[in-house]
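Q: take this sequence and fold it.
(one chain, ligands or ions: 1)
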Amino acid sequence: MNKAIVILNPSSGSKESVKYKEMIEQILMTNNYQFKIRRTEKENDARRFAEEASGEGIDLLVVMGGDGTINEVINGLVNKAHRPLLQVIPLGTVNNFARAVGVPLQVEDALQLIENGTTMQVDIGEVNQQYFSNLVNIGAIAEATYQVTPEQKSKLGSLAYFFEGLKKFREKDVFPVTIETAEITVETEAMLVLIAVTDTFASWKNILKEAEVDDGFLHIFAIKQLTNFEGVAMLTRMMNGSLKDQEQVEYFKVKKASIYTEETKVANVDGDEGAATPLHLSILPGHLHVLTSER
Ligand SMILES: Nc1ncnc2c1ncn2[C@@H]1O[C@H](COP(=O)(O)OP(=O)(O)OP(=O)(O)O)[C@@H](O)[C@H]1O
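A: Next comes the predicted model:
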């Protein structure tokens, strides 16, 4: 019999995970899994449960929650020798990870991936010994985007906050930044730096289209100062996935980089927790195995 553990965060998104508990139990039983359900109660529980699941040598780890829960699970698994197959049930408000890897956003469909899904290996980013599966960003605008309550997020959609951030942008929010890669060191001024593993930003898929989740690279976009007019034009082009080709954007596709800046507003979107600068970044190619419907 295969072994599974279900990590369930009852507080994620609109707090519906408990509603799906019986469904996942039924599906696991039908598919011959012996399983345990572990409910999180507080920060770091998901991480601890993931570490324990790895130690128990389980085959499948089902994560019922949002990006914060997934980020904890990833941080729990990343340094372990045994990393079970991950099944993500997207129950958060934004669900960037699920969107990025092609997990259906309909919970019933995501539950069925045990039966009809395929597996893929996804890259994980490392920043100062923390791990991320989506992106890290630097700058006041990015910070404004993520300092919103779940209620606000689900009502307006997180990209709305990016627009809000842009409106509030002031000249002093531009910061000097040095980006050092294996090939080149660039000193520039930016209003926002995004370091992406996937193409999904603030719930929009394809917006950073160069960043494929299994390409083995980090994608760095340094966005220089923009006038309001340029900002609006850039957002339109971002929606078409052509951010990297903009005149005001420096783009790097790298396996490793260091970023030096005095800007202190750094956010790891997955877990909302910022890393301290300087940022030392690298990629762990194909490090986790996930169930998806796409490949
Ligand atoms: N039982 C609980 N009650 C309240 N908070 C919890 C509980 N269990 C875990 N948490 C907290 O929930 C956080 C993660 O929430 P999660 O990201 O899954 O939901 P979300 O914020 O609604 O989704 P998203 O990140 O996709 O917007 C964890 O970091 C942890 O601190």
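Q: check which helix or strand covers the residue lying closest to residue 212 once chain neighbours are set aside.
A: Nearest residue to residue 212, sequence neighbours excluded (C-beta to C-beta, 6 or more residues apart in numbering): residue 199, at 6.7 Å. For glycine as for every other residue, the C-beta is placed from the backbone atoms N, C-alpha and C. In the assignment (DSSP states H and E), residue 199 maps to no helix and no strand.
Q: verify the stated contact: residue 138 with residue 192.
A: Yes - using C-beta atoms under 8 Å, residue 138 makes contact with residue 192 at a distance of 7.2 Å.
Q: residue contacts, residue 50?
A: 7, 61, 72-77 (C-beta atoms under 8 Å, 6 or more residues apart in numbering).
Q: so which of these belong to strands?
A: 7, 61 (DSSP state E).
Q: from the contacts of residue 50, list the ones also adjacent to the ligand.
A: Among the contacts of residue 50, the residues within reach of the ligand (C-beta under 6 Å from any ligand atom) are residue 72.
Q: are any of the contacts of residue 50 buried, and if so which?
A: Neighbour-count burial (16 or more other C-beta atoms under 10 Å) applied to the contacts of residue 50 gives 7, 61, 72-77.
Q: and which of those residues is nearest the ligand?
A: Checking the buried ones among the contacts of residue 50 against the ligand by C-beta to the nearest ligand atom gives residue 72 as the nearest, at 6.0 Å.
Q: my guess is residue 109 is in a strand, correct?
A: No - assigned with DSSP: H, G, I helix; E, B strand; the rest coil, residue 109 falls outside any strand and is helix.
Q: and for the residue lying closest to it once chain neighbours are set aside, the neighbour number?
A: Ranked by C-beta to C-beta, 6+ apart and with sequence neighbours excluded, the top spatial neighbour of residue 109 is residue 293, at 7.3 Å. Number of residues near residue 293 (other C-beta atoms under 10 Å) recorded here: 15.
Q: so who does residue 293 touch?
A: Contacts of residue 293 by C-beta under 8 Å, 6+ apart are 102-104, 109, 113, 116-118.
Q: 6 Å - rerun?
A: 102, 104, 117 (C-beta atoms under 6 Å, 6 or more residues apart in numbering).
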